Each structure stands twice: as C-alpha cells, then as structure tokens.
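# sharing a model prediction with you, sequence too.
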Amino acid sequence: MRELFGFFGRFWRHKRTLLPGLAAVPLTRLADIAVTLGIRDVLNEIDDGGTLAQLDSALLWIGVYAAVQAVFSFLQRWWVNATARRVEVELKQELFDKLTGLSFGFHDRTRSGDLVSRITSDVEEVRMFLGPGLM
C-alpha cells in the first residue's frame with residue numbers, strides 16, 4: 001500500500017484539475033440526497049392529498065436538483081478521470097523510457113509480451129485507483 005500512496009504525489013501535480021473534481025464529489029452526493037428527499041416530499045404530498053400546484057412545484061424542484069446532480073457528476077468524472085488519464089500517460093512514458101534504456105541482454109531474457117502485459121495491466125490498475133477509486 002505504501003508504494004501505491006506514492007502515486008498520490010504524482011496525482012497531486014495536477015491539482016488544478018484534481019481539486020475541482022474532488023470538490024464536485026460531495027456536491028454530487030448532496031444533490032443526490034436532495035433528489036431523494038424531493039421524491040419523498042412528492043410522495044408525502046400525494047399521500048396527504050396535495051394540490052396539483054404543490055405537486056408541480058415539488059416535481060420542478062426535483063428536476064432542478066437532478067440537473068445540478070448531473071452537472072456535478074459530469075464535472076467530477078471529467079476532472080478526476082482526466083487527471084488519472086494524464087498520470088497514466090506519464091507513467092507509461094516513464095516506463096517506456098526505462099525499458100528502452102535497458103540492455104539488450106535484459107530484452108533477450110525477458111519475453112516482450114510479458115512486459116507489455118505487465119505494463120498495461122499495472123498502469124491500468126494505478127489509473128483505476130487514482131481515478132474512479134477516489135470517487
């Protein structure tokens with residue numbers, strides 16, 4: 001786990017896109033809660049025999065909360081996943097640079113398919129941890 005947390009420093013370099021994305025996470029959850037509470041209110045008004053105007057107003061607010069939730073959800077995914085993709089590209093470039101600097105003997109002893117598979121899957125796991133894992 002300690003090695004995995006070392007990647008947060010790499011992730012933190014992109015704080016201009018990371019921080020707004022992370023700030024959108026609780027706002028998305030709050031909007032989710034507002035939609036749920038709005039649905040509860042509509043059901044209670046139907047149960048209490050509310051007027052059509054009251055129901056229209058409650059449904060309008062549910063729509064507003066849902067739109068806010070959709071915007072924040074989009075922004076959190078856009079910013080956090082975009083940052084995770086940038087880190088993925090940087091990692092792959094560093095690994096490529098390292099591999100091209102290794103001796104021919106290393107490449108003779110090591111199967112290229114194994115290297116490609118390890119690089120692809122390991123970097124993908126780091127990206128998933130730093131991107132969707134944070135959300």
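Happy to help now that I have it. Remember, predicted model here, so these are calculated numbers, not experimental data.

# and what about the residue of the chain positioned farthest from its centre, helix, strand or coil?
Distance from the centre of the chain peaks at G49, with 42.0 Å (C-alpha atoms, centre = their mean). Here G49 is recorded as coil under DSSP: H, G, I helix; E, B strand; the rest coil.

# please apply the same query to L102.
coil.

# how about low-confidence regions in the protein?
1, 4, 7, 134-135 (pLDDT under 70).

# residue ranges for the strands of it, please.
Assigned strands in the chain: none (criterion: DSSP state E).

# tell me where the protein has helices.
2-5, 7-12, 15-47, 52-100, 104-109, 112-130 (DSSP state H).

# need those in TSV (columns: mean neighbour count).
C-beta coordinates here come from the backbone N, C-alpha and C atoms, glycine included. Formatted as TSV, those follow (neighbours: other C-beta atoms under 10 Å):
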stretch	mean neighbour count
helix 2-5	8
helix 7-12	14
helix 15-47	15
helix 52-100	15
helix 104-109	9
helix 112-130	14
